[in-house]
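Visitor: I'll drop the sequence and a predicted model, then ask my questions.
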Amino acid sequence: MSLVYMNIMTAFMVALAGLLMYRSHLMSSLLCLEGIMLSLFVMASLTILNSHFTLASMMPIILLVFAACEAALGLSLLVKVSNTYGTDYVQNLNLLQC
Amino acid sequence: MMTYIVFILSIIFVLGFVGFSSKPSPIYGGLGLIVSGGVGCGIVLNFGGSFLGLMVFLIYLGGMMVVFGYTTAMATEQYPEIWVSNKTVLGAFVTGLLMEIVMVYYVLKDEEVEIVFQFNGLGDWVIYDTGDSGFFSEEAMGIAALYSYGTWLVIVTGWSLLIGVVVIMEITRGN
């Protein structure tokens, strides 16, 4: 496998680690989710272009469509949290805390 | 250097990812994602995927990042943290940078790296050619096949986007 894939997979791992370890902002985790989608898009595009798998060229576009859907849903939830609490800090999401 | 341009672009890609995964304030994270998106477009363009690269720029950066930008402007704090203003963020960024430098050093030393797969540098600038493709771009024809072979896919994605819009409007309506 060529070296570009090593770096793209590393970028995926870095964004996944960033998504799982949150600090203060909910928005940062949503950005890491977008980063995961971007690295998946680039990896899928490179594999499809390299192997001349013509019919699968529509798969990255469909991936991008569903990633946009998911990002918009995440942002709407963030807007509701921000409307209630003023900021999007994750420490505000503590209604289920005992 | 030009034969390794894709590898250099992918290193900048990883550094942009480390930049927003170390979680400064979201506005600076968005900046890192924009840099990574631009460089990722360059990587896809270098492999001959002109339509897919422009999709990244138009739809991803021009659509989704703009929405992230103004949502961040709505929910941001008074003194945003840049990478150098907080020791946690700076430490995470330097850790990611060192990890990438160590990996690149092993690659340049040995010509191949085995982590889970075996990566070698031999296939970087050679695209496998399986015959002639005539005078058209295969990737553009594959995407155009979305409307002939992938009609059901278009219907499902269009419908799910419409339902997504309805769900978002119901969420933001509240009460």
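Guide: All right, it came through fine.
Visitor: how near is the residue minimising distance to the centre of chain B to residue B:43?
Guide: The centroid of chain B falls nearest to residue B:37 when counting by C-alpha atoms, centre = their mean (4.6 Å). In this view, residue B:37 and residue B:43 are 11 Å apart by C-beta to C-beta, to the nearest Å. All C-beta atoms are positioned from the backbone trio N, CA, C, and that covers glycine.
Visitor: same deal with residue B:85?
Guide: 31 Å.
Visitor: these two: which is more packed in?
Guide: For residue B:85 versus residue B:43, the count of surrounding residues by other C-beta atoms under 10 Å in any protein chain shown is larger for residue B:43: 26 against 12.
Visitor: look up how far chain A lies from that one.
Guide: 6 Å (C-beta to the nearest C-beta, to the nearest Å).
Visitor: what number of residues lie near the residue lying closest to that residue once chain neighbours are set aside?
Guide: Leaving aside its sequence neighbours, residue B:43 sits nearest to residue B:9 (C-beta to C-beta, 6 or more residues apart in numbering or on different chains; 5.1 Å). For residue B:9, the number of neighbouring residues by other C-beta under 10 Å comes to 20.
Visitor: please, which helix or strand holds residue B:9?
Guide: Under the criterion of DSSP states H and E, residue B:9 resides in helix B:5-21.
Visitor: show me where the chain has helices.
Guide: As the question left the chain open, I've gone with chain A. For chain A, the helices defined by DSSP state H occupy A:3-20, A:26-50, A:58-85.
Visitor: wrong chain, I was asking about chain B
Guide: Using DSSP H, helices in chain B cover B:5-21, B:26-46, B:50-55, B:66-74, B:87-110, B:138-144, B:151-173.
Visitor: out of these, the one nearest residue A:19 is which?
Guide: helix B:5-21 (8.1 Å; C-beta to C-beta).
Visitor: gap between that closest one and the chain center?
Guide: In terms of C-alpha atoms, centre = their mean, to the nearest Å, the centre of helix B:5-21 is set 9 Å apart from its chain centre.
Visitor: same deal with stretch B:140-157?
Guide: In terms of C-alpha atoms, centre = their mean, the centre of stretch B:140-157 is found 23 Å from the chain centre.
Visitor: which positions within it qualify as buried?
Guide: Buried residues in stretch B:140-157, counted by 16 or more other C-beta atoms under 10 Å in any protein chain shown: B:142, B:143, B:144, B:146, B:150, B:153, B:157.
Visitor: is it up against chain A anywhere?
Guide: Yes: judged by C-beta under 8 Å from any C-beta of the partner chain, stretch B:140-157 comes into contact with chain A at B:141, B:142, B:143, B:145, B:146, B:149, B:150, B:153, B:157.
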